[in-house]
Each structure stands twice: as structure tokens, then as C-alpha cells.
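Q: Give me a 3D structure for the following:
(one chain, ligands or ions: 1)
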Amino acid sequence: MAETDDDAAIASDLHPGAEVLDSLDMPMVEAMETQRAVRRLKTDPVPDEILLRLLELSLKAPTSSNTQDWSYVVVKDRDQKRRLARLYRVLYRVFNPITEKLAARDETALRNIRPGQWQAEHFEEIPVFVVPCYRRGLMHRSVGWPQISVSSFYGSVYPAVQNLLLGCRAVGLGASIQTLPIWLVPVAKRVLGLPFNVNPVCIIPIGWAEGRYGPTRRRPIGEVVHVDRYGNRPFLAEDPTGSRP
Ligand SMILES: Cc1cc2nc3c(=O)[nH]c(=O)nc-3n(C[C@H](O)[C@H](O)[C@H](O)COP(=O)(O)O)c2cc1C
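A: Sure thing, here's the model as predicted:
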């Protein structure tokens, strides 16, 4: 940590990420309560030092049988980003009219879909994409019911993804989980050069936040918690944090 403002200025000149990484000390509750999908992003680059530290922290997450068969493809190359943007917009043009129709005449809904539309139109301008991938092993094919193998496959990636989102939140980077841009998985795999048994799980566009963070609004806890058997919700009347959407 820098002792004085001058020290801090020198430190941040030498290591552009050093000061920013100090904000990882943000209280956990604040990070969890305000982390949300931030889709409007600035074009300023994200220094490798910051990104690598966030990726490193994200990998403190668990994986099924501790296989750690994950990989991150970090996309910064302009042509690669353009290829992914082209792929995304094929899908976006199919789904956006449906989303707009559903939101029609609802001002709040229309306002909520604007950042997503902005992002689709500016996809290649986003400084960096992280594509978390996982190697599909035997465990994900033949053991247990199909749902459980699927669960252990995706469940070996999303804890790390959430760690990454929280880390981004703390340092002031905007990020979100996206699956639509890689729905055409074989094409996404070809663009990214993934081997046949390595699969992309989602894509996380990252940049300095232009949009706002939370507080996020979620269903109240009493509605979600069932005790002993589904349907028994003794906390139904409770909304302790006033988080009802
Ligand atoms: C598995 C998963 C897939 C998602 N895919 C997309 C996507 O394709 N496009 C998108 O704009 N947001 C996507 N999201 C983000 C959610 O829409 C977003 O987190 C949710 O609406 C809550 O928004 P908030 O976090 O800003 O409150 C995805 C989230 C998850 C967990």
C-alpha cells in the first residue's frame, strides 16, 4: 500500500493496476449486493495485470472432483472480437425483435433492454472478452442421470464465473454473463480454436463500467426458501431487506 499520495501516484505509474487492485478489499456484502450485469462499457483497455489477478482469484472456486479442467480464452484481438460480434449479431437479430415486442409500451421494460441493445451494437468495441471453457470428461457423460452430469459440468465453471463478476465489481469493471453470443457453439468453438472436448460455457464482456451497479432487486427470501419439503414456506411474509422486485 502507498504511504502518501505521491507514493500512490508513482506506484500507479509503474503498475497501472496496483491501486485499482486495492479496491478488492471492498466489503463482501457490498460487492454481493451491488454486483449486476453492467453492459454499457468504456473502450479504455483493461490492463493485463488487473485482469490476470481477477482471473487468478476467480479460480479459487471449486470444481467437480477438483478436476480443474477449466480454461479461459481471453479475447482482445480486434479481428477475433469482430468475428464474435458477427456471430452474436446473427442471433441478436433473431431474438431482439421478440424481446422488443414483449417489452412494447412498457417504459421500464424498454429501458431495461437498452443496455443489451447497446452492447450488441458495440460488441467489438468492448476491450476484452473472457470465455470460460471446460473439458468434457467421462464424469460429464456416463455417470449418474444426465441432469447430474450436466450439473457437474456447468457447476464446475459458474462458481469461478461468479467470483470473477464479484472481483470486477470491486475494482470498478463492468461485466455480465452472456450465453446468447455463443449459442451457435460449433461456430464459437471454431472461432476460438477450441479442441473437440473443450466447450465454451458463456462469454463475459469486460470493460470499465459506464452503466450503474446495483442494488440488485431479487425475489424476497421467504418466497424462495422451502423448509423440509417443497411448498412449505414459513418465511413467506418476510422481506427483510426489502428486495422485492
Ligand atoms: C446463465 C446466464 C445466461 C445469461 N445470458 C445472457 C445473455 O445471453 N445476454 C444478456 O444480455 N444477459 C445474459 N445474462 C444476464 C442476465 O440477464 C442478468 O444477470 C439478469 O437479467 C439480472 O440482471 P442484473 O444482474 O443486472 O440484476 C445471463 C445470465 C446467466 C446467469
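Q: Could you pull out the strands in this structure for me?
A: 70-75, 128-135, 173-175, 198-200, 204-208 (DSSP state E).
Q: Tell me the buried residues in stretch 120-133?
A: 120, 122-124, 126-133 (16 or more other C-beta atoms under 10 Å). The C-beta positions use only the backbone N, C-alpha and C, and glycine is treated the same way.
Q: Run through the protein and note the low-pLDDT ranges.
A: Across the chain, the stretches falling below the confidence threshold (pLDDT under 70) are 1-16, 139, 141-144, 238-245.
Q: The longest helix anywhere in the chain near the ligand anywhere?
A: In the chain, with assignment by DSSP state H, the single longest helix is helix 78-103. No: judged by C-beta under 6 Å from any ligand atom, helix 78-103 makes no contact with the ligand; its nearest approach is 8.6 Å.
Q: Is residue 189 in contact with residue 201, as I believe?
A: No: Residue 189 is not in contact with residue 201 according to C-beta atoms under 8 Å; the separation is 11.9 Å.
Q: out of the two, which sits in the more crowded spot?
A: residue 201 (20 against 17; other C-beta atoms under 10 Å).
Q: excluding its backbone neighbours, what's nearest the more buried one?
A: Take residue 201 and drop its neighbours on the chain: the residue closest to it by C-beta to C-beta, 6 or more residues apart in numbering is residue 157, 4.5 Å away.
Q: Quick check on the one you found: phi, psi?
A: When read as degrees, to the nearest 10, the backbone of residue 157 gives phi -120, psi -40.
Q: contacting residues for it?
A: For residue 157, the contacting residues are 63, 70, 132-134, 201-202, by C-beta atoms under 8 Å, 6 or more residues apart in numbering.
Q: any idea how far the ligand is from the nearest residue to residue 60 once chain neighbours are set aside?
A: Spatial nearest neighbour of residue 60, excluding adjacent residues (C-beta to C-beta, 6+ apart): residue 163 at 6.5 Å. Residue 163 is 14 Å from the ligand, where distance means C-beta to the nearest ligand atom, to the nearest Å.
Q: same thing with residue 33?
A: From residue 33 over to the ligand (counting by C-beta to the nearest ligand atom), the distance is 11 Å.
Q: That residue contacts residue 214, correct?
A: Yes: checked against C-beta under 8 Å, the pair residue 33 and residue 214 is within contact range at 6.1 Å.
Q: my guess is residue 124 contacts residue 80, does it?
A: No: applying C-beta under 8 Å as the test, residue 124 and residue 80 come out as separate, 9.2 Å apart.
Q: Around the ligand, pick out the residues from this protein.
A: The chain comes close to the ligand at residues 36-37, 116, 176-180, 216, as judged by C-beta under 6 Å from any ligand atom.
Q: go again using 8 Å as the cut-off
A: Counting by C-beta under 8 Å from any ligand atom, the residues of the chain close to the ligand are 35-39, 116, 119, 158, 176-181, 202, 214, 216-218.
Q: Those residues in helices, which ones?
A: Using DSSP H, the residues of the chain next to the ligand in helices are 116, 119, 158.
Q: Just the buried residues of the residues you listed.
A: Counted by 16+ other C-beta under 10 Å, these give 116, 119 as buried.
Q: Tell me, how many residues neighbour residue 161?
A: The number of residues packed near residue 161 is 20, by other C-beta under 10 Å.
Q: Which residue lies closest in space to it, excluding its sequence neighbours?
A: Excluding its sequence neighbours, the residue lying closest to residue 161 (C-beta to C-beta, 6+ apart) is residue 132, at 5.7 Å.
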